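J.: The sequence isn't on hand, but the structure is:
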């Protein structure tokens, strides 16, 4: 469920940035999300998290967005090999939207490097990123991204 809430948060921020001057009524945006297949409890959780994060005391919704980074994080060759192109794009999107900070970005990469030996997909990165973002790292305890069909390495005992 956390993956879906993250998807909604990303959608909301994208939507708000595209329609800065014309942010619709919350009911209109909620209707769009419902037609996309999201449930009311997921939409509500995403709105609540986003409102708490932006500014809980703001008089005007969506008045200030997170500041963009002035530098760019470049993935190493091993990090690029670990992540699919879509996963790389999604991770950078989270950072550019201000949903995760530099430290959380590194935590996501660190967690993925520990639990995966194959190319990480966008769905897998959503699972890890949402666990880090929503401070639910216990969710990762049972996560198994290892490809059990790949041959064992002769270099590992």
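T.: Yes, it's here. Since the model is a prediction, treat every value here as computed from it, not as a measurement. Numbering: from 1, shown residues only.

J.: Pull out the buried residues from the worst-scoring helix or strand of the chain on mean pLDDT.
T.: When the helices and strands of the chain are compared on mean pLDDT, DSSP states H and E, helix 40-54 comes out lowest with a mean of 82. Judged by neighbour count (16 or more other CB atoms under 10 Å), helix 40-54 contains these buried residues: 42-43, 45-47, 49-50, 54. Yep, even glycine has a C-beta here, placed from its N, CA and C like the rest.

J.: ditto for stretch 100-113
T.: Going by neighbour count (16+ other CB under 10 Å), the buried part of stretch 100-113 is 100, 104-105, 107-109, 111-112.

J.: would you list the residues you listed in JSON lines and tack on secondary structure, pLDDT and distance to residue 8?
T.: Compiled in JSON lines, the buried residues of stretch 100-113 are given as follows (DSSP: H, G, I helix; E, B strand; the rest coil; pLDDT from 0 to 100; distance: CB to CB, whole Å):
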{"residue": "100", "secondary structure": "coil", "pLDDT": "89", "distance to residue 8": "16"}
{"residue": "104", "secondary structure": "helix", "pLDDT": "89", "distance to residue 8": "18"}
{"residue": "105", "secondary structure": "helix", "pLDDT": "90", "distance to residue 8": "21"}
{"residue": "107", "secondary structure": "helix", "pLDDT": "90", "distance to residue 8": "22"}
{"residue": "108", "secondary structure": "helix", "pLDDT": "90", "distance to residue 8": "19"}
{"residue": "109", "secondary structure": "helix", "pLDDT": "89", "distance to residue 8": "24"}
{"residue": "111", "secondary structure": "helix", "pLDDT": "87", "distance to residue 8": "22"}
{"residue": "112", "secondary structure": "helix", "pLDDT": "86", "distance to residue 8": "22"}
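
J.: Now do the lengthiest helix in the chain against helix 40-54: the angle between them, please.
T.: Taking residue count as the measure and DSSP state H as the definition, the longest helix of the chain comes out as helix 2-18. Here helix 2-18 points in a direction 60 degrees away from that of helix 40-54 (axes from the mean of the first three to the mean of the last three CA atoms, to 10 degrees).

J.: helices or strands next to the very next helix or strand once past helix 2-18 in the packing?
T.: The helix or strand immediately downstream of helix 2-18 is helix 26-35, counting by DSSP states H and E. The criterion is 3 or more CB pairs under 8 Å, 6 or more residues apart in numbering; DSSP states H and E, and the helices and strands that helix 26-35 contacts are helix 2-18, helix 40-54.
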